[in-house]
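>>> I would like the atomic coordinates for the input below:
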Amino acid sequence: MLAGKHSAEFPLAIWQTGSGTQSNMNMNEVLANRASELLGGVRGMERKVHPNDDVNKTQSSNDVFPTAMHVAAIIALRETLIPQLNVLRKTLSDNPPAFSDIVKIGRTHLQDATPLTLGQEFSGWVAMLEHNLRHLELSLPHLSELALGGTAVGTGLNTHPEYAVRVAAELAQSSGQPFVTAPNKF
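Modelled structure (predicted):
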């Protein structure tokens, strides 16, 4: 799955319920089919792994889908977006001194305004990037809290008492990200 070898088995449109039920059930079906094949079953004929009983294991899309979104967001932020924004910030912040003598016309409301230097304009972009980078960094601890284990409404009904903690620890270990179970899953 992680290598993208089964992407064709996910024909769903992006527009679906907020809980992600369609995506969750689609994943359960694909995982069950693949596991059945690995166990010697024939796709569509002999199911050795059941999508609900064996894969879903009483979980709910109400905790699985937000958890998947948190995992994807943390990885995208830490591994791609934040590092690239830092490269852009450094590139822009290295240039204002070189552009301090270049005067240009400022623009506001799609019209010419007062003059400023290109270096001043760059410094505004740098300040904006620094401000937004701080906001992204502040969001990371909250995104690290996973709702998995809360099941349909946050109570954890039908889930092993250690499930949420164990899965968060496994996700943290396998991804290298500091995932923890959310203290309140409601």
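>>> give me the number of residues near T159?
By other C-beta atoms under 10 Å, 19 other residues sit near T159. Any C-beta I mention is one placed from the backbone N, CA and C, and that applies to glycine too.
>>> How is it assigned, secondary-structure-wise?
Under DSSP: H, G, I helix; E, B strand; the rest coil, T159 falls in the coil class.
>>> Quick check: pLDDT value at it.
With respect to pLDDT, T159 scores 89.
>>> Check V30 too.
The model reports V30 with a pLDDT of 95.
>>> Now for it: which residues touch it?
Counting by C-beta atoms under 8 Å, 6 or more residues apart in numbering, V30 touches M1, H6, E9, F10.
>>> now do R89
R89 makes contact with V126, L129, E130, L133, according to C-beta under 8 Å, 6+ apart.
>>> Pull out the buried members of these.
Using 16 or more other C-beta atoms under 10 Å as the burial test, the contacts of R89 include V126, L129, L133 as buried.
>>> Doesn't the second one belong to a strand?
Put plainly, it is L129. No - with three-state DSSP as the criterion, L129 is assigned helix and is not in a strand.
>>> Tell me which residues touch it, please.
Going by C-beta under 8 Å, 6+ apart, the list of residues near L129 reads L85, L88, R89, L92.
>>> Check the gap between it and L81 for me.
To L81, L129 is 12 Å away according to C-beta to C-beta, to the nearest Å.
>>> One more: the last one?
The spacing between L133 and L81, counted by C-beta to C-beta, is 9 Å.
>>> I'd like to know how many residues surround A164.
Look at A164: counted by other C-beta under 10 Å, it has 23 neighbours.
>>> so it makes contact with T151?
No - assessed by C-beta atoms under 8 Å, A164 is found out of contact with T151, at 9.8 Å.
>>> Distance to G119 added to the contacts of R89, as CSV?
Written out in CSV, the entries for the contacts of R89 read as follows (distance: C-beta to C-beta, whole Å):
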residue, distance to G119
V126, 10
L129, 15
E130, 16
L133, 21
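>>> Give me the phi and psi angles of P115.
Dihedral pair for P115: phi -70, psi 150, per degrees, to the nearest 10.
>>> next one: phi and psi at D112?
As for D112, its main-chain torsions (degrees, to the nearest 10) stand at phi -60, psi 150.
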